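Colleague: Next input, structure requested:
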Amino acid sequence: MVREIDAMNRLLFAVDGKNGRTYAYPCAETTVGGQDYVDTLRRYGVVKYARVGGDTDAVITDVSHLDPLRVPAFGLEDSVGAEVLIDFVKSVEQCGGMGVIMFHGVGGDYITTPSGVHQALLDYLARNRKTIWVATFREAMDFVMKNR
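Modeller: The predicted structure is shown next:
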């Protein structure tokens, strides 16, 4: 896994010249062949931040103990409803925390989030842009790591 991730990092670097990639563990699995590879990623420095799975309880409130290679994220199920996504965002708002949502496919692909559901979430976020910061996973984690 580490060799494959490193190879993809090199390919992406050739395209955009950027280092310090983020990563989402495939199917939220941190093991291959029964071996956990998170510490190997940590030792090799191949990945800066990584998302693991989770559900609507994946609200991050204690960043002082957050492992940057095991960041909980709300992994969506097929055809999740807009109310579920918006309720997750509201729970993050209520506790002043951070929430990561992992989309697989919007409007198609595997584990599909319908386009209308995604749009409803975007509309909610736009209506609340003064109180909700929407960022990439890397931007959010850079902020967390700098300010914890």
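Colleague: can you give me the helices for this structure?
Modeller: Assigned by DSSP state H, the chain shows helices spanning 2-16, 38-44, 82-95, 115-127, 137-147.
Colleague: Run the chain-centre distance for the last one.
Modeller: Shown here is helix 137-147, whose average C-alpha point lies 12 Å from the average C-alpha point of the whole chain (C-alpha atoms, centre = their mean, to the nearest Å).
Colleague: One more: the first one?
Modeller: In terms of C-alpha atoms, centre = their mean, the centre of helix 2-16 is found 19 Å from the chain centre.
Colleague: Same question for the third one.
Modeller: In terms of C-alpha atoms, centre = their mean, the centre of helix 82-95 is found 16 Å from the chain centre.
Colleague: for that helix, what is the average pLDDT?
Modeller: The average pLDDT within helix 82-95 is 97.
Colleague: Just the residues contacting the helix or strand bottoming out on mean pLDDT in the chain, thanks.
Modeller: In the chain, the helix or strand scored least confidently by mean pLDDT, DSSP states H and E is strand 105-106, which has a mean of 87. Strand 105-106 has contacts (C-beta atoms under 8 Å, 6 or more residues apart in numbering) with 111, 112, 113, 114, 115, 118. For every residue, glycine as well, the C-beta is placed using N, CA and C.
Colleague: how about a cut-off of 10 Å?
Modeller: 76, 78, 111, 112, 113, 114, 115, 117, 118, 119, 121 (C-beta atoms under 10 Å, 6 or more residues apart in numbering).
Colleague: Partner strands of that strand, with direction?
Modeller: With DSSP bridges as the test, strand 105-106 is paired with strand 112-113 (parallel).
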